[in-house]
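Novice: build me a model:
(one chain, ligands or ions: 2)
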Amino acid sequence: MRIAIGSKNKAKTEAVISVVQQFIDAEFELRAVPSGVSDQPLSDKETRTGAINRALNAIKESGADAAFGLEGGVSEIDGELFVCNWGAMALANGEIYTAAGAQILLPEEVAAEVRNGRELGPVMDDYTNRKDIRSHDGAVGVFTNGLINRKTMFEHVILLVVGQYLYSKRTN
Ligand SMILES: O=P(O)(O)OP(=O)(O)OP(=O)(O)OC[C@H]1O[C@@H](n2cnc3c(O)ncnc32)[C@H](O)[C@@H]1O
Ligand SMILES: [Mg+2]
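Specialist: Numbers count the residues shown, from 1 in each chain. Ligands and ions are numbered 1, 2, ... in the order given. Below is the predicted model:
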């Protein structure tokens, strides 16, 4: 199966490849495609739409058999901001599977910057005085003291998505 991935961010591409290759015999290609939503999605709905758009754009651009899209965003609950994450798998026949990942509270100091219109990625780099947090630990890794990094979190999302795809294909 030819599978496209709608990002070149390693936290995403490595998560997709490490999970999918356990269940599907596949060749992968990476494409930085548009998400069709804001650079910093501000709700679960917008983040999920971004994941679906990435999967649809990746399958359209590549002509692959299937494509994955992963999107990170933030969502507000009772005045507090949580990091949220969504994944989508699109098939050439038009089927789409989606699932959400872990959510974790952002400290008010970080949340305030995002509310002011900055993207979480650069805000996290400033906050930690490190570079490119979004491609490695992610906010989830920083605020769980490294127990769950962004790749591991995305692996759970991909397991949920691929699991639904495999369930739909079951024959017994
Ligand atoms: O290259 P792409 O695939 O776009 O990867 P990205 O890291 O920009 O990821 P998203 O566009 O899905 O994320 C939307 C925004 O939220 C940021 N973001 C989301 N989750 C994050 C996390 O865990 N740590 C740091 N930044 C995060 C990210 O940097 C963007 O500013
Ligand atoms: Mg991005």
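
Novice: and the residue sitting nearest the centre point of the chain, what pLDDT?
Specialist: In the chain, the centroid-proximal residue (Cα atoms, centre = their mean) is Leu70; its distance is 2.7 Å. Per-residue confidence at Leu70 stands at 98 (pLDDT).

Novice: wait, it touches Glu14, no?
Specialist: No: counting by Cβ atoms under 8 Å, Glu14 is not a contact partner of Leu70; they are 11.1 Å apart. For glycine as for every other residue, the C-beta is placed from the backbone atoms N, C-alpha and C.

Novice: pretty sure Thr13 belongs to a helix, no?
Specialist: Yes: the assignment for Thr13 (DSSP: H, G, I helix; E, B strand; the rest coil) places it in a helix.

Novice: ok, it touching Gly6?
Specialist: No: using Cβ under 8 Å, Thr13 makes no contact with Gly6, being 9.6 Å away.

Novice: how about the residues of the chain by ligand 1?
Specialist: 7, 9, 12, 39-40, 71-73, 83, 119-121, 124, 133-134, 138-140, 150 (Cβ under 6 Å from any ligand atom).

Novice: looking at it, Gly73 is touching Ser43, isn't it?
Specialist: Yes: counting by Cβ under 8 Å, Gly73 does reach Ser43; the two are 7.0 Å apart.

Novice: just say helix, strand or coil for Val37.
Specialist: Three-state call for Val37 (three-state DSSP): coil.

Novice: who's in contact with the closest residue in space to it that isn't next to it in sequence?
Specialist: In space, Val37 comes closest to Gly50 once its chain neighbours are excluded; the distance is 4.0 Å by Cβ to Cβ, 6 or more residues apart in numbering. Gly50 is in contact with 35-37, 41, 69, 71, 73, 86, counting by Cβ atoms under 8 Å, 6 or more residues apart in numbering.
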